[in-house]
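>>> 3D model of this:
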Amino acid sequence: MPITIYGIKNCDTMTKARAWLDQHGVDYAFHDYKTAGIERERLETWAKKAGWETLINRAGTTFKKLPDKDKQGVTETKAIALMLKQPSMIKRPVLELPGGRLVVGFAPDRYGEALGRRGASR
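Below is the predicted model:
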């Protein structure tokens, strides 16, 4: 399974994460879930592995602009429905590694640790 980074093309955090991967010689595929969408099954799998609370970006403007009734009482089912409807609510980036491992969000040290020597080359 190749490495795939999921996110939105014009996101500043995505730009930093992709630059880190490029600088460290990591081969990856980029999936822009704003233009290509995201499958319910993938979100459900990520929620099981990382936790839906980790996946939903409550700090972003898309979530903040929701009506109060949508922001309150968020459950896993509701969070997945919100993220499917508005993918910009998914925390960025989501790095999917071989073996189904996930890294949600970007931090250079976490990427280096998750990628081992591959991330530390160059």
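>>> could you pull out the helices for the chain?
For the chain, the helices defined by DSSP state H occupy 12-23, 40-50, 52-55, 61-64, 68-71, 76-85, 108-120.
>>> give me the contacts around the fourth one.
Around helix 61-64, the neighbours that count as contacts under CB atoms under 8 Å, 6 or more residues apart in numbering are 56, 57, 58, 71, 82, 86, 88, 89. Every residue, glycine included, has its C-beta placed from N, CA and C.
>>> return the member of the residues you listed nearest to residue 36.
Checking the contacts of helix 61-64 against residue 36 with CB to CB, the nearest one is residue 88 at 13.2 Å.
>>> right, and that closest one touches residue 60 too?
Yes. Assessed by CB atoms under 8 Å, residue 88 is found in contact with residue 60 at 6.7 Å.
>>> in TSV: the helices of the chain, plus distance to residue 29 and mean pLDDT.
Below are the helices of the chain laid out as TSV (distance: least, CB to CB, whole Å; pLDDT from 0 to 100):
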stretch	distance to residue 29	mean pLDDT
helix 12-23	11	95
helix 40-50	14	96
helix 52-55	20	96
helix 61-64	24	90
helix 68-71	32	88
helix 76-85	20	95
helix 108-120	15	79
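>>> wait, which of those helices is closest to residue 94?
For residue 94, the closest of the helices of the chain is helix 40-50, at 6.5 Å, according to CB to CB.
>>> ok, which pair from the contacts of helix 61-64 is furthest apart?
Greatest spatial distance among the contacts of helix 61-64 (CB to CB): 71 and 88, at 15.1 Å.
>>> not counting residues beside it along the chain, what's closest to the residue nearest to the spatial centre of the chain?
Central residue of the chain (CA atoms, centre = their mean): residue 94, 2.5 Å from the mean position. Distances taken as CB to CB, 6 or more residues apart in numbering place residue 6 nearest to residue 94, at 4.2 Å, with adjacent residues excluded.
>>> all good on my end, thank you.
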